[in-house]
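K.L.:
below are the sequence and a predicted model; questions follow.
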Amino acid sequence: MGKLRTTLAVIGLGAAMFGTLSVPAQAAPTGTAAVTCGNVHWPHTNKDSGSGKVVPSSAAVHTGPYGACTTVGYVGGGTTVHYDCYSVNSYGNTWTWIRDDNGSSLGWIYDAYLDDGGATAQC
């Protein structure tokens with residue numbers, strides 16, 4: 001199936017999933033259009049039973065399917081994450097809502113950072 005693959009605050013994430021959880025302060029990027037973040041604007045449900053591994057050395061998890069959304073933590077490379085569903089943002093990039101091994105919701109991760117391209121069921 002060829003398609004372009006391109007929030008809950010994270011509370012109590014295990015060290016095994018994120019190592020050290022750091023939440024950097026982020027200023028809004030200048031010269032870019034505002035993006036909408038958060039569960040109200042990007043609802044998700046568990047529609048996908050798949051899982052995959054994070055492929056870079058670490059990948060940011062966000063409150064919405066945009067890099068400009070608040071980063072709530074990082075998932076280490078090689079970590080297996082479980083999928084709920086994916087969304088396509090206004091740039092045409094796809095992001096997957098992920099959960100940890102215990103079923104706890106983590107947030108949105110850019111699909112290019114997942115070894116199999118992310119969820120196959122749209123939110």
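P.N.:
Great, that's in hand. Since we're looking at a predicted model, the values are computed, not measured.
K.L.:
going by C-alpha atoms from here, please, whenever you check contacts or count neighbours.
P.N.:
Noted.
K.L.:
which residues in the protein form strands?
P.N.:
Ranges of strands within the chain are 51-53, 58-62, 71-76, 80-88, 94-99, 105-110, based on DSSP state E.
K.L.:
so for residue 39, which of those sits nearest?
P.N.:
Residue 39 lies closest, by C-alpha to C-alpha, to one member of those: strand 105-110, at 9.5 Å.
K.L.:
what is that closest one packed up against?
P.N.:
strand 58-62, strand 94-99 (3 or more C-alpha pairs under 8 Å, 6 or more residues apart in numbering; DSSP states H and E).
K.L.:
okay, angle between the last one and strand 105-110 too, please.
P.N.:
Read that as strand 94-99. Strand 94-99 and strand 105-110 are oriented at 160 degrees to each other (axes from the mean of the first three to the mean of the last three C-alpha atoms, to 10 degrees).
K.L.:
quick one, strand 94-99 and strand 80-88 angle?
P.N.:
Going by the same axes, to 10 degrees, strand 94-99 makes 140 degrees with strand 80-88.
K.L.:
in its sheet, what does strand 94-99 sit against?
P.N.:
strand 80-88 (antiparallel), strand 105-110 (antiparallel) (DSSP bridges).
K.L.:
among those strands, which is the most enclosed?
P.N.:
strand 105-110 (a mean of 27; mean count of other C-alpha atoms under 10 Å).
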